[in-house]
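A.B. asks: What shape does this take:
(one chain, ligands or ions: 2)
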Amino acid sequence: MTDTNPMAQDARPGIAAGAYREAMARLASAVHLVTTDGPGGRAGFTASAVCSVSDAPPTLLVCVNRASSAYPAVARNDALCVNTLAAEQQGVAGAFGGRTPMDERFAAGRWSALATGAPVLEGALIAFDCRIVKREPVGTHDVLFCEVVALSEPTETEGLVYAHRRYHAVGPKPASEAPAAEARESGRPARPALRLV
Ligand SMILES: NC(=O)C1=CN([C@@H]2O[C@H](COP(=O)(O)OP(=O)(O)OC[C@H]3O[C@@H](n4cnc5c(N)ncnc54)[C@H](O)[C@@H]3O)[C@@H](O)[C@H]2O)C=CC1
Ligand SMILES: Cc1cc2nc3c(=O)[nH]c(=O)nc-3n(C[C@H](O)[C@H](O)[C@H](O)COP(=O)(O)O)c2cc1C
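C.D. replies: Ligands and ions are numbered 1, 2, ... in the order given. Below is the predicted model:
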């Protein structure tokens with residue numbers, strides 16, 4: 001049988017990086033700033049390749065490109081913080097998304113620290129302060145296994161999602177705006193949970 005779907009044609013071993021990226025562009029991901037500080041210096045980058053591995057011990061994985069300007073610091077330091085971005089922090093995601101000097105990136109936000117000293121972004125949806133417990137090179141990236149040692153106070157607001165090469169807002173608005181409750185009371189439809197920002 002001849003398959004006329006170009007995506008299906010590409011789904012074979014040895015597909016080109018471009019076809020893989022095109023496929024990956026269809027996946028929606030939360031957007032994070034991965035930040036670090038220590039003997040290797042302060043650095044950070046925007047990341048979507050982050051996921052939960054285990055809750056005992058609480059462990060995340062983060063994939064970092066070895067060609068990234070943040071890599072030398074991430075490679076040397078033993079801690080990092082995964083700052084999951086709120087919808088209104090799209091500008092900070094842009095600043096940390098490449099080609100901007102580190103000092104300028106950090107000027108785009110306000111910072112504190114939890115247990116490890118890695119920079120914690122004020123207003124993030126949530127921040128996971130981590131010790132890096134294992135590193136595994138895979139292709140162009142290092143996969144970092146990170147044990148979560150402290151959490152920030154969560155911010156009750158919309159999250160930031162990246163899909164189809166664009167940012168979107170997702171989730172509930174702050175309680176004060178309570179659109180769903182309002183909509184229920186007024187009989188009007190609630191606004192969609194996902195919108196372009
Ligand atoms: N995991 C990563 O290293 C990611 C890197 N990026 C980088 O940010 C820039 C903008 O990206 P897009 O506008 O989304 O266009 P794009 O066409 O370069 O990427 C589309 C999708 O492919 C994946 N991807 C891209 N580069 C990758 C890489 N080097 N390794 C593994 N997966 C990768 C991501 O899921 C991304 O959303 C590009 O330079 C891209 O390389 C973006 C997302 C993830
Ligand atoms: C939405 C988005 C998600 C990204 N996710 C990752 C990621 O998970 N891992 C990674 O190494 N780079 C990721 N990048 C790329 C880095 O943020 C950065 O652009 C890249 O490391 C090159 O930066 P440099 O100019 O500091 O070398 C992402 C970029 C964007 C815009």
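A.B. asks: Touching stretch 16-35 from outside, list them.
C.D. replies: 7, 10-11, 42-50, 62, 64, 70, 74, 80-85, 92-93, 96, 109, 118-121, 124, 159-165, 167-168 (C-beta atoms under 8 Å, 6 or more residues apart in numbering). (Glycine included, C-beta is placed from N, CA and C.)
A.B. asks: how about the helices in this protein?
C.D. replies: Listed in chain order, the helices of the chain (DSSP state H) span residues 6-10, 17-24, 71-76, 90-95, 102-107, 179-186.
A.B. asks: Could you confirm whether the fourth one reaches ligand 1?
C.D. replies: It refers to helix 90-95. No: using C-beta under 6 Å from any ligand atom, we find that helix 90-95 stays clear of ligand 1, coming within 10.5 Å at best.
A.B. asks: Sitting in strands, which of the contacts of stretch 16-35 do you find?
C.D. replies: 43-47, 50, 62, 64, 80-84, 119-121, 159-163, 167-168 (DSSP state E).
A.B. asks: still on that earlier bit, and the contacts of stretch 16-35, which of them are buried?
C.D. replies: The neighbour count (16 or more other C-beta atoms under 10 Å) marks 42-48, 50, 62, 64, 70, 74, 80-85, 92-93, 96, 109, 118-121, 124, 159-162, 167-168 as buried among these.
A.B. asks: Okay, and the beta partners of the residue most central in space within the chain?
C.D. replies: Nearest to the mean C-alpha position of the chain, counting by C-alpha atoms, centre = their mean, stands residue 32 at 2.3 Å. Under the criterion DSSP bridges, residue 32 forms beta bridges with residue 47, residue 84.
A.B. asks: confidence score at it?
C.D. replies: At residue 32, the pLDDT value in this model is 98.
A.B. asks: Would you check how far apart it and ligand 2 are?
C.D. replies: In this structure, residue 32 and ligand 2 are 8 Å apart, going by C-beta to the nearest ligand atom, to the nearest Å.
A.B. asks: Kindly list the longest strand within the protein.
C.D. replies: Longest strand in the chain, counting by DSSP E: strand 126-138.
A.B. asks: anything in that strand near ligand 2?
C.D. replies: No: on the criterion C-beta under 6 Å from any ligand atom, strand 126-138 is out of touch with ligand 2, staying 11.8 Å away.
A.B. asks: Look up how far residue 165 lies from the residue in the chain that ligand 2 sits nearest to.
C.D. replies: Residue nearest to ligand 2 within the chain: residue 98 (2.7 Å; C-beta to the nearest ligand atom). Distance of residue 98 to residue 165, given as C-beta to C-beta, to the nearest Å: 14 Å.
A.B. asks: and what of residue 127?
C.D. replies: From residue 127 to residue 165 the distance is 26 Å (C-beta to C-beta).
A.B. asks: re the thing from before, next, find the distance separating the residue of the chain closest to ligand 2 from residue 65.
C.D. replies: Look at residue 98 and residue 65: by C-beta to C-beta, they are 10 Å apart.
A.B. asks: The two: which is more packed in?
C.D. replies: residue 65 (16 against 13; other C-beta atoms under 10 Å).
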